[in-house]
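*Asks:* pasting the sequence and the predicted coordinates here, then a few questions.
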Amino acid sequence: MYEPATLQRPDLKPLWHVGRGRMLFAGCLQRNALHSHSAPVLIAGLYENFRFRTGGSDWASCRAAVVRAGTAYEFDAGGRPLAVLYVEPNVASAEALATLVGQSREEGGALVAKSCDIATIRALYEDPDSPRWADDATADLVKFSNARACGVVDARVRRALDVIVIDEGREERTVDQRPMPVTFAARAAGLSTSRFQHLFKQEVGVSYSRYAAWVRMRAAVSEVVDGGNLTSAAHAAGFYDQPHFAREFRRIFGAPASRSLANVR
């Protein structure tokens, strides 16, 4: 009786939270087409299973999935509440996120699981005032997962990532929030540009240019969460215009920005 009552609450707006090195979405979703991220991801059905598959696998019904950076996947939640937790590679790994799921199996580059430790995320979704405590809650969740996992990004790549993600909740290296050029990132890592690019892709799972696009997108989402519209978010994050931002959003998230960023808390 508890879960259906929660599912029917129209006052629960979608939750977007952008924190330092982590980002959370919780809300009702339909089908998001094939897409990939530049950071590890945990996807979890808040009350029931959803359909999931990677680019090279068949559809599966699961309660949760952990996806490595660069792995293309799609899901269909059927309009039910779903949570998606993104963690930057200098903050946590896919292996750390995997400690939050149970009864899992490898499927096309992702872990598909029958259970998930979702109590914190579900509480965030159910509390209309959760933006006030979402940062502490997601930080604790990531800390908890890291404590049970091993494996870290190469220290040189980590130094560059630490410079990219500076301020809590925002990537404000510059006023317009654009990511640093690869030459500056390589300098922070103490490597030549070519060596840095090779090592970055090896350690993170995507190229630096793909990761830079992800940094811009995080900044744009943060702008919307802070009250901006899609046009101001596009300009603040360094996209050419709103259509450019819309195309990149669909490529990265598999759904239109106009739907995914509407009426959020």
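*Replies:* Thanks, I have the structure now. Numbers count the residues shown, from 1 in each chain.

*Asks:* which strand or helix spans residue 262?
*Replies:* Per DSSP states H and E: residue 262 is located in neither a helix nor a strand.

*Asks:* okay, helices next: where are they in the stretch 151-265 of the chain?
*Replies:* 155-164, 182-189, 193-204, 208-225, 230-236, 242-253, 257-260 (DSSP state H, counting those that start in this stretch).

*Asks:* could the ones you listed go into a markdown table alongside mean neighbour count, distance to residue 103 and mean pLDDT?
*Replies:* Heads up, the C-betas are built off the backbone N, CA and C, glycines and all. As requested, the helices of the stretch 151-265 of the chain are arranged in a markdown table below (neighbours: other Cβ atoms under 10 Å; distance: least, Cβ to Cβ, whole Å; pLDDT from 0 to 100):
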| stretch | mean neighbour count | distance to residue 103 | mean pLDDT |
| --- | --- | --- | --- |
| helix 155-164 | 18 | 32 | 91 |
| helix 182-189 | 18 | 39 | 94 |
| helix 193-204 | 18 | 28 | 97 |
| helix 208-225 | 22 | 30 | 93 |
| helix 230-236 | 19 | 39 | 90 |
| helix 242-253 | 17 | 27 | 94 |
| helix 257-260 | 17 | 30 | 92 |
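
*Asks:* got those helices as JSON lines, with distance to residue 16 columns?
*Replies:* Shown next, in JSON lines, are the helices of the stretch 151-265 of the chain (distance: least, Cβ to Cβ, whole Å):
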{"stretch": "helix 155-164", "distance to residue 16": "20"}
{"stretch": "helix 182-189", "distance to residue 16": "26"}
{"stretch": "helix 193-204", "distance to residue 16": "23"}
{"stretch": "helix 208-225", "distance to residue 16": "5"}
{"stretch": "helix 230-236", "distance to residue 16": "12"}
{"stretch": "helix 242-253", "distance to residue 16": "11"}
{"stretch": "helix 257-260", "distance to residue 16": "9"}
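
*Asks:* tell me which of those helices lies nearest to residue 112.
*Replies:* Residue 112 lies closest to helix 242-253 among these, at 19.9 Å (Cβ to Cβ).

*Asks:* what's that closest one packed up against?
*Replies:* strand 31-35, helix 208-225, helix 230-236, helix 257-260 (3 or more Cβ pairs under 8 Å, 6 or more residues apart in numbering; DSSP states H and E).

*Asks:* show me how far it is from its chain's centre.
*Replies:* With Cα atoms, centre = their mean, to the nearest Å as the basis, helix 242-253 stands 15 Å off its chain's centre.

*Asks:* make residue 1 into 25 and carry on from there
*Replies:* Sounds good: first residue 25 from here, last item helix 266-277.

*Asks:* what's next to it, contact-wise?
*Replies:* Residues outside helix 266-277 that contact it (Cβ atoms under 8 Å, 6 or more residues apart in numbering): 56, 59-61, 237-238, 240-241, 244, 254-255, 257-258, 261, 263, 279-282, 284-285.

*Asks:* what's the answer for stretch 77-87, then?
*Replies:* With Cβ under 8 Å, 6+ apart as the criterion, stretch 77-87 contacts 58, 68-69, 72-76, 91, 95-100, 125, 131-134, 136-140.

*Asks:* 6 Å instead?
*Replies:* 69, 73, 75-76, 95-97, 131-134, 136-140 (Cβ atoms under 6 Å, 6 or more residues apart in numbering).

*Asks:* what's the answer for stretch 280-289, then?
*Replies:* 37-40, 155, 248, 254, 270, 273-274.
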